[in-house]
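Asker: structure of the sequence below:
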Amino acid sequence: SYPVAVPGAAVGLALLIAMRWRINILSLGEDEARSLGVDVEKERLLVLAASAAAVASVTCVTGIVAFIGLVIPHVARALFGADNRVLIPTSMAVGSVVLPLADTLCRTLFPFEIPLSVVTTLITVPYLAYLLRRVARRWSA
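Answerer: Here you go, the predicted model:
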């Protein structure tokens with residue numbers, strides 16, 4: 001499965017890294033991006049395709065690991081800011097640190113092995129709940 005997964009992940013990640021500045025422009029909003037000359041639909045499709053290639057390739061090797069792909073970018077954003085030129089590589093770095101730590105916890109915390117998704121859920125859901133509360137306060141204010 002590695003010979004199939006590595007090229008897909010490498011191409012997807014390389015495209016996302018190359019498109020970091022365009023993702024920043026898209027994050028300004030549709031009207032702003034259009035006024036800067038960006039073909040919003042085309043860029044969104046490219047970002048979606050690159051993300052799907054990277055995620056599908058990695059998931060076919062690792063299996064589903066609950067909440068890591070959802071929470072880690074938010075952790076990286078809190079630590080390093082919202083600039084996608086920095087956020088994309090740091091999300092990969094933070095994920096590559098958190099996942100082995102969670103796997104180590106699975107194997108050493110108890111005398112039996114706990115499924116990785118259980119540990120990642122226990123670690124990430126409280127942070128996700130915190131983020132949702134924070135956003136809900138902003139919307140209600």
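Asker: show me the helices in the protein, by range?
Answerer: 2-18, 20-26, 30-35, 40-62, 68-80, 84-108, 116-140 (DSSP state H).
Asker: in CSV, list those helices along with mean pLDDT and mean neighbour count.
Answerer: (Glycine included, C-beta is placed from N, CA and C.) Listed next are the helices of the chain as CSV, based on pLDDT from 0 to 100; neighbours: other CB atoms under 10 Å:
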stretch, mean pLDDT, mean neighbour count
helix 2-18, 91, 15
helix 20-26, 93, 16
helix 30-35, 95, 12
helix 40-62, 92, 15
helix 68-80, 91, 17
helix 84-108, 92, 16
helix 116-140, 88, 13
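Asker: residues contacting the closest residue to residue 57 other than its chain neighbours?
Answerer: Residue nearest to residue 57 in three dimensions, not counting chain neighbours: residue 8, with 3.3 Å by CB to CB, 6 or more residues apart in numbering. By CB atoms under 8 Å, 6 or more residues apart in numbering, the residues touching residue 8 are 53-54, 56-57.
Asker: out of those, which two sit at the greatest distance?
Answerer: Using CB to CB, the contacts of residue 8 span at most 7.5 Å, a distance reached by 54 and 56.
Asker: didn't residue 103 look like it was pressed against residue 116?
Answerer: Yes. When contacts are counted by CB atoms under 8 Å, residue 103 is listed as touching residue 116 (5.8 Å).
Asker: on that earlier part again, which one of the contacts of residue 8 sits closest to residue 28?
Answerer: Nearest member of these to residue 28, counting by CB to CB, is residue 54, at 23.5 Å.
Asker: what distance do you get for that closest one to residue 13?
Answerer: With distances taken as CB to CB, to the nearest Å, residue 54 is found 5 Å from residue 13.
Asker: what separates stretch 18-36 from the chain centre, distance-wise?
Answerer: Put simply, stretch 18-36 sits 19 Å off its chain's centre (CA atoms, centre = their mean, to the nearest Å).
Asker: now do the same for the residue lying farthest from the centre of the chain: its pLDDT.
Answerer: Within the chain, residue 111 marks the point farthest from the mean C-alpha position, 31.4 Å out by CA atoms, centre = their mean. Per-residue confidence (pLDDT) for residue 111: 88.
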